[in-house]
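# sequence below, structure please.
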Amino acid sequence: MMPFMTSACGMGEQTPEGYENVPVEHAMQQWKEGMMPFLFLDVRSQEEYAQGHIAGAMLIPVDELAGRMNEVPKNRQVYVYCHSGKRSARASALLASHGFTRIENIVGGIEAWKQAGYPVEK
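Modelled structure (predicted):
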């Protein structure tokens, strides 16, 4: 097995932790095209999620992720986001360290998503 793998999409900056940082535009393009099964993983708090999230996103707050990783499918591309990107980077590193190979951290989080004019739901 190669020690340094890129994601299936290969569009972002590969981190030493084993996940990729990708811009919101890349995540939106994948969502629109629907070419591969993927999941948006929101790692913010329940309160933040209720204020607005990407449609269909799974909520697992970053502080609960270690105990709930079994809920995240390993056979799908996972786009992880938070408010601005710090918690999602932490969550992405945690997932990668537990054998997840298709992890992409959305740079700028939900704030960048909204600033790009992309839809959120409550």
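# contacting residues for the residue nearest the centre of the chain?
Nearest to the mean C-alpha position of the chain, by C-alpha atoms, centre = their mean, lies residue 80 at 1.3 Å. Applying C-beta atoms under 8 Å, 6 or more residues apart in numbering to residue 80 gives the contacts 19, 41, 43, 88, 91, 92, 95, 103, 104, 105, 106. C-beta here means a position set from N, CA and C on the backbone, and glycine is covered the same way.
# name the residues linked to the closest residue to residue 53 other than its chain neighbours by a beta bridge.
Counting by C-beta to C-beta, 6 or more residues apart in numbering, residue 53 lies nearest to residue 42, which is 5.3 Å off, once chain neighbours are set aside. Per DSSP bridges, the residues bridged to residue 42 are residue 59, residue 81.
# also residue 22?
For residue 22, the beta-bridge partners are residue 106 (DSSP bridges).
# surely it meets residue 107?
Yes. Counting by C-beta atoms under 8 Å, residue 107 is a contact partner of residue 22 at 6.5 Å.
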